[in-house]
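Undergrad: Give me a model of this one.
(chains A and B)
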Amino acid sequence: MGAKQTRSEHDHQDLVEKTGFSVEQIQNLLKRFQQLSGNEETISREHLKSIPALANNPIRMQIIEAFFDKRNQHGNELGSYEEIGFEEFLMVMSHFRPPTLTTTTEEKETMRKEKVRFLFNMHDTDGDGKITLAEYRKVVEELLSKSGTIEQEAAKAIADAAMLEVASTNVPNMGPDDFYEGITFEHFEQILKDLEMESRMHIRFLDVNATKVHCGK
Amino acid sequence: MAVLGPGPARFWSGFTMVLLLLTGSSRTRDVLTGHNDTWREPSTATQEDHDPDPHNGTNSANHRKAFPVLAFNYGHVRKPFEISLWILLALLMKLGFHIIPRVSNIVPESCVLIFVGLLVGGVIKAMKEKAPVLDSKLFFLYLLPPIILDAGYFLPIRAFTENMGTILVFAVVGTLWNAFFIGGMMFAVCQIEAAQVSHVDLLSCLLFGSIISAVDPVAVLAVFEEIHINELLHILVFGESLLNDAVTVVLYHLFEEFSHAGTVTAGDAFLGVVSFFVVSLGGILAGIIYGVLGAFTSRFTSHSRVIEPLFVFLYSYMAYLSAEVFHLSGIMSLIACGVIMRPYVEANISHKSYTTIKYFLKMWSSVSETLIFIFLGVSTVEGPHNWNWIFVIFTLILCLLSRVLGVVGLTFIINKFRIVKLTKKDQFIVAYGGLRGAIAFSLGFLLTDNEMKHMFLTAIITVIFFTVFVQGMTIRPLVELLAVKRKKESKGSINEEIHTQFLDHLLTGIEDICGHYGHHHWKDKLNRFNKTYVKKWLIAGERYNEPQLISFYNKLEMKQALMLMESGSAAKLPAVSAQKIQPQREAAPQRTIPRIPKTREAEIRKILRANLQKAGQKLRSYSRHDLFMDPFEDDVTEFRFRRQRVEMERRMSHYLTVPAKRQETPSVRKVWFEPEHKVYTYDDSESPGGGAVQLKPRPSDTSLLDESPKSTDRSPTPQSEDQSERQKPSRCLSDPGPNEDEEGSSFFLS
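TA: Numbers count the residues shown, from 1 in each chain, chains lettered A, B, ... in the order given. Next comes the predicted model:
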């Protein structure tokens, strides 16, 4: 038991450096991971799908896919895993860390890029580095999917309008025969510039005993 | 003043005339009152027959007067006349303020208005007249509610709820700390022999502390709106100023009750705490009740659109008054009412009513604010003062000190719980933005009249002046010096809306995977509850099913359409049209041109593409959008729509003779959307049926085109343009301008 503990602590030290979480946060997340996986080493899509609270979420499948997406592991691989281990789980979670008082402006900038990249990967499902109209349409459809029977046309209209907005803001001088292929990462960053992702895209990770719940900010 | 041109000079001379008229009126009334009374009481006139007054026609039998062609009866209209004159004066001042550009950059409006009030007060005093003072009843019942309602109705909910914890801590704990610190320290100061105020006991000092400790929403709004700082700081200070009303009310009544009794027991203190909860929660409850009533009422107003805005105003005002009846917090009630009512009312009312509400609220709150500041100035000159150097100076120092200590201390604790921490710069702005204003003055005015009260009032006025003048004037350069983040002008882009919603769902999902119930989880639950139960009751017709994204999109459409209508023409030309994003779209037109022989397809495709772009450039206003025509708008729109269509068919002939020219690439203007879609209208017979939005192309499209199937190459041009022309009016018809024929023509001939 003792040996196992020191080994896991050693691993945790690795993870602390890699992901930026604190040791307590990693321990809490490990507990959750084990809960989800049924104490196994890896989790698969079914494990995540079976979370009851996620059932009402309209973009459930995209979220689950994001965990298995290799691009979110800060490597250069493409494609997706079938199952992921704790380290991959943690890497995905690290995208949702908030900035602290000591984060410098450059670090905030890197953080923001990472978060925007995560979002981009969620939309760009085929991995070609561009969000095409079809992919964007799918995003809007999914968003509207839980809101009653809305016909395809409505989602398409909104997606088209949004796409055009991106096109016109980013490439204002297109000639009459040009074709706007898709939203690249730079364009995507541009449209999300005002949303200040580094301050908005985060959740609270518990530092202490997982049973304590903090309400609000 | 060399900077003034002829315009402002004329303005100022006119203003001085109004000023003189105002003071003159208050004097002449004394002269006239006696005469008018006799005129109104003809029965007693016979007794006063000897009164030589040839101007007023008395009904005495002895005198046979000529019928008075011109009579002067001022007393009859005196009160409304003076009120209107005061308001006119206030607004002229506001105008004048903006005409002089240099002043408005340095001095915030509130300062100028107080200064004007001082001037007017001085003038009135010089004429030895009695000036109207900032009477507490006038203030609390008439001047304050519009400002608070305006603030509450347009409160940014997202920012407010996200920072609710912080705001509450500042409002409750911060105000309590301020009150007790100032009260206690002032009591210590009063013990100093040199001050000669040792008769002021502890309870009075605490009462004074509680009056002066509250941050004032009117002053904060007035100053902060001009400096445009980022949303977080704005909502922190402003939210604090709103929510501390409950604390102020409780403390004030508590200490006032007991300053007569003399002592406070532990039981009383406990009751005070209970009273705080009752006051705040009760106020919020009252607001919620009236808000729900208002939302429910607005569900049925589709047939009398004209009175819709009145419901919003009256229900909110009733909420305020009802809360005041029970000594609950009227401000919190008003805020709660506005916040609850708004989403449902906006879904139900027409666009014009929405605009009306917005502008009336802004107008009333603007007038109120102006009047408050001017009256503050007048009351300063007028009111009985009791200047006590030590008392006033120490009050000022202690106010500043307690504010700084309070903010720093509380932030230290709050930052342990916040995810996005407050930096030192933020803390400084929050501390510096703690302005005192007219609420403190009015509360002081309500105290029982004695010498202490005058001393208190003097000190309160000094603090108000200091915070508004010194802090108000210097906060702008300080904000620039410290490079505090400013407010981002939100353009309401559809992309931001999509991604904001996406982010919400994403964060909720991640929280669920993490397994704990955080902020997003509860927000999501509330949203779902809202959607399944509440919206059904409070939103008219089938619109309760409309997801937020779609209503946002519609609103944006409408706004854009109106913008175009107002600015009038195709000068706003797009740079990008729909073909850019989907080159395969040529298939779509074929749906609406069913019988064109295949051989023509290629030609038609090319011509359509060229013309689409040209049409988009020339007739920007009716780029083909989806337009969900609101079936619950006036039935008149349907009729107008048909009329427009007839118009357009008339114009088609015009186009048949105009040669198609290739246009130059127009100047670029940022475009929101330019997709290529058919227009969809609700089929009235189907909409009550299901919750689904029934979208179908108008059958008339195909019928018109069928009329000329074997036309030349030219014909697809007017047909496609006719299609687009027809789509235009349905968009601007939901809110037609004053003369729609004219509007129609301006769109066509460009």
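
Undergrad: Low-confidence stretches in chain A?
TA: A:1-11, A:146-151, A:172-180, A:208-217 (pLDDT under 70).

Undergrad: Quick one: the strands in it, in order.
TA: For chain A, the strands defined by DSSP state E occupy A:43-44, A:83-84.

Undergrad: So for chain A, the centremost residue is which one?
TA: A:F118 (4.7 Å; Cα atoms, centre = their mean).

Undergrad: residue contacts, the closest residue to that residue other than its chain neighbours?
TA: Of all residues not flanking A:F118 in the chain, A:H95 sits nearest, at 4.6 Å (Cβ to Cβ, 6 or more residues apart in numbering or on different chains). The way it works is simple: take the backbone N, C-alpha and C, and place the C-beta from them, glycine included. Under the criterion of Cβ atoms under 8 Å, 6 or more residues apart in numbering or on different chains, the neighbours of A:H95 are A:N72, A:E114, A:K115, A:F118, A:M201.

Undergrad: from these, which is closest to B:D268?
TA: Taking Cβ to Cβ as the measure, B:D268 sits nearest to A:M201 out of the contacts of A:H95, at 49.2 Å.

Undergrad: how many neighbours does the closest one have?
TA: Neighbour count for A:M201, taken as other Cβ atoms under 10 Å in any protein chain shown: 24.

Undergrad: tell me which parts of the stretch 251-400 of chain B are close to chain A?
TA: For the stretch 251-400 of chain B, no residues are found near chain A under the criterion Cβ under 8 Å from any Cβ of the partner chain.

Undergrad: So A:M197 is in contact with A:V116, correct?
TA: Yes: between A:M197 and A:V116 there is a contact under Cβ atoms under 8 Å: 5.6 Å.

Undergrad: Hmm, B:E369 is touching B:I147, no?
TA: Yes: using Cβ under 8 Å, B:E369 makes contact with B:I147 at a distance of 5.9 Å.

Undergrad: Spit out the contact partners of the residue nearest to the centre of chain A.
TA: Counted by Cβ under 8 Å, 6+ apart, A:F118 has contacts A:A66, A:N72, A:H95.

Undergrad: now swap in B:L506 and tell me
TA: A:I59, A:I63, A:L119, A:M122, A:M201.

Undergrad: Right, and chain A sits closest to which residue of the stretch 1-150 of chain B?
TA: Ranking the residues of the stretch 1-150 of chain B by distance to chain A (Cβ to the nearest Cβ) places B:I148 first, at 24.2 Å.

Undergrad: Chain neighbours aside, what residue packs nearest to that residue?
TA: B:I148 sits nearest to B:L334 (Cβ to Cβ, 6+ apart), 4.8 Å away.

Undergrad: Show me what the helix or strand encompassing the one you found is packed up against.
TA: Assigned by DSSP states H and E, B:L334 falls within helix B:330-348. Helix B:330-348 is packed against helix B:144-153, helix B:231-261, helix B:266-298, helix B:308-325, helix B:535-538, with contacts defined by 3 or more Cβ pairs under 8 Å, 6 or more residues apart in numbering or on different chains; DSSP states H and E.

Undergrad: now it: mean pLDDT?
TA: Mean per-residue pLDDT for helix B:330-348: 90.

Undergrad: Extract the C-alpha set from it and format it as PDB.
TA: Output in PDB follows, covering the C-alpha atoms of helix B:330-348 (Å, rounded to 0.1, in the frame of the first residue of the first chain):
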ATOM      1  CA  GLY B 330     -38.700  49.600  -2.200                       C
ATOM      2  CA  ILE B 331     -35.600  49.600  -4.400                       C
ATOM      3  CA  MET B 332     -35.100  45.800  -4.200                       C
ATOM      4  CA  SER B 333     -38.800  45.300  -5.000                       C
ATOM      5  CA  LEU B 334     -38.500  47.500  -8.000                       C
ATOM      6  CA  ILE B 335     -35.400  45.800  -9.300                       C
ATOM      7  CA  ALA B 336     -36.900  42.400  -8.800                       C
ATOM      8  CA  CYS B 337     -40.100  43.400 -10.600                       C
ATOM      9  CA  GLY B 338     -38.100  44.700 -13.600                       C
ATOM     10  CA  VAL B 339     -35.800  41.800 -13.800                       C
ATOM     11  CA  ILE B 340     -38.600  39.200 -13.600                       C
ATOM     12  CA  MET B 341     -40.900  41.000 -15.900                       C
ATOM     13  CA  ARG B 342     -38.500  41.800 -18.700                       C
ATOM     14  CA  PRO B 343     -37.900  38.500 -20.500                       C
ATOM     15  CA  TYR B 344     -41.600  37.600 -20.700                       C
ATOM     16  CA  VAL B 345     -42.900  41.100 -21.500                       C
ATOM     17  CA  GLU B 346     -40.300  41.400 -24.300                       C
ATOM     18  CA  ALA B 347     -41.500  38.200 -25.800                       C
ATOM     19  CA  ASN B 348     -45.000  39.400 -25.800                       C
END
